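In: Quick one, fold the following:
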Amino acid sequence: MTAPSPKKLLNVLRGDQEAIPPMWLMRQAGRYLPEYRELRAQKGGFLELAYDSEAATEITIQPIRRFGFDAAILFSDILVIPHAMGQDLWFETGEGPRLAPRLAQSALEDFIPAPERLRPVLDTVRKVSAVLPPETTFLGFAGSPWTVATYMVHGQGSKDQSEARRMAHAEPERFGALIEAIISATVDYLAGQIEAGVDAVQLFDSWAGSLSPVQFEKWVIAPNAEIVRRLKARHPDAPIIGFPKGAGGKLAAYADGTGVDALGLDETVDPHWANRELPKDLPVQGNLDPLALIAGGSDLISAVENILSAFADRPHVFNLGHGILPDTPIEHVEKLLTLVRKG
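Out: Numbers count the residues shown, from 1 in each chain. You can find the predicted model right below:
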């Protein structure tokens with residue numbers, strides 16, 4: 001049994017219940033903050049910031065300094081893994097990430113691995129860990145294999161992930177080898193984050209909702225279960241949050257099949273349904289609609305009250321159902337904190 005920590009959010013991830021749920025927000029370190037925009041204007045593009053450990057440390061800490069959230073999340077990106085596996089990575093202004101060569105038209109075996117590209121990220125972890133308040137949980141993260149693979153195959157994001165889905169159906173052995181390579185790289189990366197100072201990690205599966213039940217079992221549940229198994233063998237006390245966005249009715253199967261310590265819920269999930277259907281003592285995280293946070297007012301109040309009431313009897317980390325949006329008013333975040341912490 002792990003001793004209780006002064007970090008309330010870490011204790012909740014380990015199964016404890018708090019009368020006032022601890023809170024952080026996905027993408028809390030980023031574009032909605034004026035101090036982030038100012039630093040980005042000075043330093044350059046997103047990837048330049050992510051690989052500048054001094055800048056990334058400052059960005060990670062900014063929302064803690066401003067709001068006092070219960071957790072800081074590492075400022076980085078899920079696509080540093082394919083970058084370390086040998087794909088070129090860059091960000092097009094206003095259009096998002098690009099990877100080349102695309103695996104739809106190339107072979108993984110032709111890539112030259114470049115694991116040294118992850119060193120600045122781990123340096124950021126060490127720097128943040130040294131300066132965070134003692135009560136603040138430090139979260140690391142990585143993309144889940146299916147989501148990372150969709151970017152590697154197509155070379156960018158897509159609405160339906162069709163190229164990756166086609167490869168998974170038509171060339172399951174080739175696609176399976178890609179998934180295994182991502183699993184191996186991800187376990188090493190997350191273990192490195194834990195060794196450098198994070199308390200827990202989150203697996204982001206942003207495109208999990210695009211798969212049929214059979215494919216979901218094969219390309220979401222099984223690979224995430226393998227990451228959990230291998231990572232727990234190396235770091236048994238570090239909680240793992242699974243976030244399979246869009247999983248819907250497959251959430252219970254995901255929780256049971258992967259063995260994650262806590263389950264993130266997106267905004268489409270009815271929290272009362274989730275509380276009924278998920279394992280009774282499983283910690284959950286979420287799941288306020290980011291647009292309700294932008295709207296504010298009565299919509300925000302009622303949504304927060306609904307979530308808090310649904311999860312009143314289980315370990316709960318309050319969060320959004322996805323990342324905070326760039327046009328979110330700062331005063332609405334402050335109001336959210338007041339609503340959640342009023343007790």
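
In: Might you list the low-confidence residue ranges for the stretch 51-200 of the chain?
Out: Within the stretch 51-200 of the chain, no stretch has pLDDT under 70.

In: Let me see the ranges of the strands in it.
Out: 71-73, 88-92, 96-100, 137-143, 200-205 (DSSP state E, counting those that start in this stretch).

In: Give me the contacts around the fourth one.
Out: Right, strand 137-143. 7-10, 13, 22, 24, 70-74, 76, 78-79, 81, 125, 128-129, 132, 186, 189-190, 193-194, 197-206, 241 (CB atoms under 8 Å, 6 or more residues apart in numbering). Glycine gets a C-beta too; all of them are placed from N, C-alpha and C.

In: hmm, back to that, Throw the strands of the stretch 51-200 of the chain into TSV and include mean neighbour count, thanks.
Out: Output for the strands of the stretch 51-200 of the chain, formatted as TSV (neighbours: other CB atoms under 10 Å):
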stretch	mean neighbour count
strand 71-73	26
strand 88-92	14
strand 96-100	16
strand 137-143	24
strand 200-205	26
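
In: wait, which of the ones you listed is closest to Glu163?
Out: strand 96-100 (12.2 Å; CB to CB).

In: could the strands of the stretch 51-200 of the chain go into a markdown table alongside distance to Pro329?
Out: Formatted as a markdown table, the strands of the stretch 51-200 of the chain follow (distance: least, CB to CB, whole Å):
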| stretch | distance to Pro329 |
| --- | --- |
| strand 71-73 | 21 |
| strand 88-92 | 26 |
| strand 96-100 | 24 |
| strand 137-143 | 24 |
| strand 200-205 | 25 |
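
In: Quick one: closest of those to Ser309.
Out: Of the strands of the stretch 51-200 of the chain, nearest to Ser309 by CB to CB is strand 71-73, at 22.7 Å.

In: same for the closest one, what does it pack against?
Out: Helices and strands touching strand 71-73, by 3 or more CB pairs under 8 Å, 6 or more residues apart in numbering; DSSP states H and E, are helix 53-67, strand 137-143.

In: can you put those in a markdown table and add distance to Pro172?
Out: Below are the helices and strands packed on strand 71-73 laid out as a markdown table (distance: least, CB to CB, whole Å):
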| stretch | distance to Pro172 |
| --- | --- |
| helix 53-67 | 37 |
| strand 137-143 | 21 |
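
In: Out of those, which is closest to Ala292?
Out: helix 53-67 (17.7 Å).

In: Off-centre distance for that closest one?
Out: 17 Å (CA atoms, centre = their mean, to the nearest Å).

In: do stretch 222-231 as well
Out: 16 Å.

In: For that stretch, buried residues please.
Out: Ala222, Pro223, Asn224, Ala225, Glu226, Ile227, Val228, Arg230, Leu231 (16 or more other CB atoms under 10 Å).

In: And for stretch 323-342?
Out: For stretch 323-342, using 16+ other CB under 10 Å, the buried residues are Gly323, Ile324, Thr328, His332, Val333, Lys335, Leu336, Leu337, Leu339, Val340.

In: tell me how far it is from the chain's mean position?
Out: The mean C-alpha position of stretch 323-342 is separated from the chain mean by 19 Å, CA atoms, centre = their mean.

In: With just CA atoms, put that stretch into PDB.
Out: What follows is stretch 323-342, C-alpha atoms only, in PDB (Å, rounded to 0.1, in the frame of the first residue of the first chain):
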ATOM      1  CA  GLY A 323      -8.700  20.400 -24.200                       C
ATOM      2  CA  ILE A 324      -9.500  24.000 -23.200                       C
ATOM      3  CA  LEU A 325     -10.100  26.100 -26.300                       C
ATOM      4  CA  PRO A 326      -8.000  29.200 -27.200                       C
ATOM      5  CA  ASP A 327     -10.900  31.700 -26.900                       C
ATOM      6  CA  THR A 328     -11.800  30.600 -23.400                       C
ATOM      7  CA  PRO A 329     -12.300  33.700 -21.100                       C
ATOM      8  CA  ILE A 330      -9.900  33.700 -18.200                       C
ATOM      9  CA  GLU A 331     -12.700  34.800 -15.900                       C
ATOM     10  CA  HIS A 332     -14.700  31.700 -16.800                       C
ATOM     11  CA  VAL A 333     -11.800  29.500 -15.700                       C
ATOM     12  CA  GLU A 334     -11.800  31.500 -12.400                       C
ATOM     13  CA  LYS A 335     -15.500  31.000 -12.100                       C
ATOM     14  CA  LEU A 336     -15.100  27.200 -12.700                       C
ATOM     15  CA  LEU A 337     -12.600  27.000  -9.900                       C
ATOM     16  CA  THR A 338     -15.000  28.700  -7.600                       C
ATOM     17  CA  LEU A 339     -17.800  26.400  -8.500                       C
ATOM     18  CA  VAL A 340     -15.800  23.200  -8.100                       C
ATOM     19  CA  ARG A 341     -14.000  24.200  -4.900                       C
ATOM     20  CA  LYS A 342     -17.000  25.800  -3.000                       C
END
